[in-house]
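# the following block contains a protein sequence and its predicted model.
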Amino acid sequence: MRGYAMLKIGESGWIEKDRPACGPMDAIVKPLAVAICTSDVHTLWEGAIGERHNMILGHEASGEVVEVGELVKDFKPGDKVLVPAITPDWNSLEAQAGYSMHSGGMLAGWKFSNFKDGVFGEYFHVNDADGNLALLPENINPVDACMLSDMVPTGFHGVELADVQFGDTVLVIGIGPVGLMSVAGANLRGASRIIAVGTRPKCREVAKGYGATDFISYKDGPIADQVLALTGGKGVDRVVVAGGGCDTFIDAVKALKPGGKIGNVNYLGNGDYVKIPRVEWGVGMGHKDIRGGLMPGGRLRMEKLGSLVSSGRLDVDPLCTHVFHGWEHLEEALFLMRDKPADLIKPVVVID
């Protein structure tokens, strides 16, 4: 089969590989549509997870099952499916402890384009099919379904980690695709005010539609100073970090009230240490919690998030700003995500 791969850090291209083998509990899926993630950019050009050779990229797709293992009970060839970016091993001790995304080790629930071939190929392998796949609702198209692979569950997980409550004032740092879903998730959870940090007009427009009430730009000065000015010096109840770098936590901590929580779902692609301001962290005793987590995967989460979209409670279509048709546009879409033109939120490639 053919796949688009990371050849080494900074280099990518099409390669030929054997079609993956299907284990007794697994499925082989062909993509209906694939989406490009900023994580692909971090992996390929920044080497954020280290050197990878001839590894097929991609972890966001909707697909059609072409083969299932003999122990798979709930899926069959021809089923159209939602595919989470995180596919845990559900019989692991880590899953039993409540941290399935780390099954087998730190971040090891993230398999696609981490330590096994991803979804940018004619076929891809899904472990533990009954635990990880979900049937694609008939009223969700394959393009929108790609947003349920990663953008929706990751953005919502930031809101979960920050523990947003009714009436909270929430700061969302970064309003790319994940941050936009954090805005939507905070709104669904009952936040009364959502302050969004971002500069691109298209992202601001979509964020407003998802419930953002105020906007600030890092180009206008320190984020925390602007947040404190907007809130009369009080700060915010919750912060979701969906963009930035290791220094972003300085502003997040400064902008947060004592007793508040920070939820980080940003992929920190470089740097050795996260910076926490000592004094504003209450010299270590400010009851300002910082939680970072890889999104949960699995069938149940996919089914629940899929129901939000199929019921009309969540519209993910505004995320899909650039839709291409055919594998020949995959590289173009990947480079678009790297370069991030002003009108881009998310590029998706439909496999015709």
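Looks like it came in fine. As the structure is a computational prediction, the values presented were derived from the model and not from experiment.

# alpha carbons only for contacts and neighbour counts from here, please
Will do.

# all helices of the chain, in order?
Assigned by DSSP state H, the chain shows helices spanning 38-41, 93-96, 129-132, 142-147, 151-162, 177-188, 201-210, 223-230, 248-255, 299-310, 330-339.

# out of these, which is closest to residue 318?
Taking Cα to Cα, helix 201-210 is the member of those nearest to residue 318, at 6.7 Å.

# quick one, what contacts the residue nearest to residue 66 when sequence neighbours are not counted?
Nearest non-adjacent residue to residue 66, counting by Cα to Cα, 6 or more residues apart in numbering: residue 77, 4.5 Å away. By Cα atoms under 8 Å, 6 or more residues apart in numbering, the contact set of residue 77 is 64-68.

# give me the pLDDT for residue 50.
Predicted confidence (pLDDT) at residue 50: the value is 89.

# also residue 306?
97.

# which residues touch the nearest residue to residue 287 once chain neighbours are set aside?
Spatial nearest neighbour of residue 287, excluding adjacent residues (Cα to Cα, 6+ apart): residue 259 at 4.8 Å. If a contact means Cα under 8 Å, 6+ apart, then residue 259 has 237, 286-289 as its contacts.

# with respect to residue 59, which of those residues is nearest?
residue 289 (29.9 Å).

# list the contacts for that closest one?
Residue 289 neighbours (Cα under 8 Å, 6+ apart): 259-262.

# ok, now how distant is it from residue 276?
Using Cα to Cα, to the nearest Å, we find residue 289 at a distance of 11 Å from residue 276.

# please apply the same query to residue 112.
Distance, residue 112 to residue 276, using Cα to Cα: 32 Å.

# between these two, which is the more surrounded one?
Legend: neighbour count by other Cα atoms under 10 Å for residue 112 and residue 276, higher for residue 112 (25 against 19).

# give the contact list for that one.
57-59, 85-86, 118-119.

# from those, keep the buried residues only.
57-59, 85-86, 118-119 (16 or more other Cα atoms under 10 Å).

# pull the residues that contact the worst-scoring helix or strand of the chain on mean pLDDT.
When each helix and strand of the chain is scored by mean pLDDT, DSSP states H and E, helix 38-41 comes last, with a mean of 92. When contacts are defined by Cα under 8 Å, 6+ apart, helix 38-41 is touched by residues 57-58, 267, 334, 337-338.

# 7 Å instead?
Residues outside helix 38-41 that contact it (Cα atoms under 7 Å, 6 or more residues apart in numbering): 57-58, 337-338.

# follow-up on the earlier one: of all the buried ones among the contacts of residue 112, which two lie farthest apart?
57 and 86, at 14.1 Å, using Cα to Cα across the buried ones among the contacts of residue 112.

# can you pull out the strands in the stretch 51-200 of the chain?
Applying DSSP state E, counting those that start in this stretch to the stretch 51-200 of the chain gives strands spanning 55-56, 61-68, 80-83, 124-126, 134-135, 169-173, 193-197.

# indicate each strand paired with the second one and its parallel or antiparallel sense.
Right, strand 61-68. strand 27-35 (antiparallel), strand 80-83 (antiparallel) (DSSP bridges).

# any chance of the ones you listed in TSV, plus mean pLDDT and distance to residue 246?
As requested, the strands paired with strand 61-68 are arranged in TSV below (pLDDT from 0 to 100; distance: least, Cα to Cα, whole Å):
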stretch	mean pLDDT	distance to residue 246
strand 27-35	98	26
strand 80-83	98	30
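
# so can I have a markdown table of these showing distance to residue 143 and mean neighbour count?
Formatted as a markdown table, the strands paired with strand 61-68 follow (distance: least, Cα to Cα, whole Å; neighbours: other Cα atoms under 10 Å):
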| stretch | distance to residue 143 | mean neighbour count |
| --- | --- | --- |
| strand 27-35 | 6 | 26 |
| strand 80-83 | 11 | 27 |
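
# out of the ones you listed, which gets nearest to residue 2?
Judging the strands paired with strand 61-68 by Cα to Cα, what sits closest to residue 2 is strand 27-35, at 11.7 Å.

# hmm, who's touching the closest one?
Contacting residues not belonging to strand 27-35 are listed as 22, 60-69, 122-127, 129, 142-143, 146, 347-351 [Cα under 7 Å, 6+ apart].

# could you find the closest non-adjacent residue to residue 93?
residue 103 (7.2 Å).

# fine, thanks again, bye for now.
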